[in-house]
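Q: Got a predicted model here, sequence first, then my questions.
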Amino acid sequence: MAKVNLSIVALGVMLLFFADTWAQNPRKRLAPPKSPKGQCCDDVRSLKVQVANLTSILEELSRKQETDLLKVVRQIMELDQQNRQQEARVTEAESKYSEINNRVEIMQLQTLQSATQTSSDALYDCASLYSKNYKISGEYKLPKDEFLGTPELSVFCDMDTNGGGWTVIQRRKIGLTSFKRDWKQYKGGFGSIRGDFWLGNDHIFRLTRQPSVLRIELEDWVGETRYAEYGFFTVSNELNSYKLFLANYSGNAGDSLRYHNNTNFSTFNKDNDKCVDHCAALRKGGYWYNCCTDSNLNGVFYRYGEHTKNTDGITWYGWHGPNYSLKKVEMKVRPVGFQP
Ligand SMILES: [Ca+2]
């Protein structure tokens, strides 16, 4: 279109130029001598008419171009709107899908819950979830237990380590959650189930009413890992100060919980330890303190560089001694005799 316009303009300009030259130098022309003045004026007039015609064609073309452009813009806007409508429809469909998915999950859990109430196949922990084919590690909600009067509980299940079925009861890895907490907080639990947390002494008591295995996984600041497993592990109720019983050590981290066997749980506001000292205050955690520690998994989280300077860190004497605070810890339980 632009090329055509240019050609027309060029032609117009050339015609104007010739007309002008012709008008200015009539004598030089080789036209017939008869009435040259009339002839010339006729020519100029006709040229002027042609130029006027060309100009109007040009104007018309440019008008047409404008209308075309407007049409294209309108079409683009329409397409854009259609696109947006389609996107909205897709979003709506997606949200409906996830809603349905949620409902299915809730129905599954309700089915499991009713199964819990009618059979001995109870949904107590990650092991029972695993046996119901939930085999992906992550956060799960255990339904409330009518019989025990316990509320719905969020748990983190390790479905990978050594056959899976582990309910994680403690984790240290980020270091932003303080573990210097009082009795009540250790009783109910605190922290974030995907980050650092203590599941709660009442929940640990409930989980370990069935014969349980305790597995402790440790990582130091160069990325090396060790573990300690106790083939027997149980915790008393609150009336008995969540007293710890364990036996049957295996692993490669050392048996640093044995020293804490048969001791009560202590916090800074409840000294139940076997010491003149106030171990929970000294070691700044809640734990089964003896006099005081051979391990302190709920101690202070020290970052790299500070991790060898204190005695109140996250320690496991059997591996790195009393002054080395570990980088990562996980404590997890599952029933004795669990079959993957
Ligand atoms: Ca004491």
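A: Structure's in. What do you need?

Q: what about the strands in the stretch 151-300 of the chain?
A: Using DSSP state E, counting those that start in this stretch, the strands found in the stretch 151-300 of the chain span residues 153-158, 166-172, 190-191, 197-198, 212-219, 225-235, 244-251.

Q: contact partners of the fifth one?
A: In other words, strand 212-219. Contacts with strand 212-219, where a contact means CB atoms under 8 Å, 6 or more residues apart in numbering, come from 161-162, 166, 225-234, 246, 251, 253, 257, 297, 316, 319, 326-336, 338. Every C-beta, even on glycine, is put in place using the N, C-alpha and C of the backbone.

Q: Just the buried ones from the residues you listed, in PyMOL syntax?
A: To isolate the buried subset of those in PyMOL, counting by 16 or more other CB atoms under 10 Å, use the following:
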select buried, resi 161+162+166+226+227+228+229+230+233+234+246+251+253+257+297+316+319+326+327+328+329+330+331+332+333+334+335+338
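
Q: Could you see whether the ion lies near stretch 232-252?
A: No. Contact of stretch 232-252 with the ion (CB under 5 Å from the ion) is absent, the minimum separation being 12.7 Å.

Q: List the buried residues for that stretch?
A: Buried residues in stretch 232-252, counting neighbours by 16+ other CB under 10 Å, are found at 233-236, 241-244, 246, 249, 251.

Q: again, but for stretch 45-56
A: For stretch 45-56, by 16+ other CB under 10 Å, it's 47, 51, 54.

Q: and what of stretch 200-214?
A: For stretch 200-214, using 16+ other CB under 10 Å, the buried residues are 200-208, 210, 212-214.

Q: Contacts only, for the residue positioned nearest the centre of the chain.
A: With distances taken as CA atoms, centre = their mean, residue 194 lies nearest the centre of the chain, 10.7 Å away. Neighbour list for residue 194: 139, 156 [criterion: CB under 8 Å, 6+ apart].

Q: which parts of this protein sit against the ion?
A: Checking the chain against the ion by CB under 5 Å from the ion, the hits are 271, 273, 275.

Q: where does the stretch 51-200 of the chain have low pLDDT?
A: The model of the stretch 51-200 of the chain has pLDDT under 70 over residues 102-123, 148.

Q: In it, what residue lies closest to the ion?
A: Using CB to the ion, the single residue of the stretch 51-200 of the chain nearest to the ion is residue 183, 14.4 Å away.

Q: Quick one: end-to-end distance for stretch 170-177.
A: 12 Å (CA to CA, to the nearest Å).

Q: I'd like the distance from that stretch to the chain centre, please.
A: Centre-to-centre, stretch 170-177 and its host chain are 18 Å apart (CA atoms, centre = their mean, to the nearest Å).

Q: So what touches it?
A: Identification of contacts with stretch 170-177 by CB under 8 Å, 6+ apart yields 156, 179, 190-192, 195-199, 297-298, 301, 303, 314, 326-331.

Q: now swap in stretch 279-292 and tell me
A: Contacts for stretch 279-292 (CB under 8 Å, 6+ apart): 179-181, 183, 185-186, 198, 242-244, 259-260, 263-268, 270-277, 293, 296-300, 311-312.

Q: before we move on, back to that, could the buried residues of stretch 200-214 be laid out in TSV, adding distance to residue 172?
A: Below are those laid out as TSV (distance: CB to CB, whole Å):
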residue	distance to residue 172
200	16
201	17
202	21
203	18
204	16
205	21
206	22
207	19
208	20
210	26
212	21
213	20
214	16
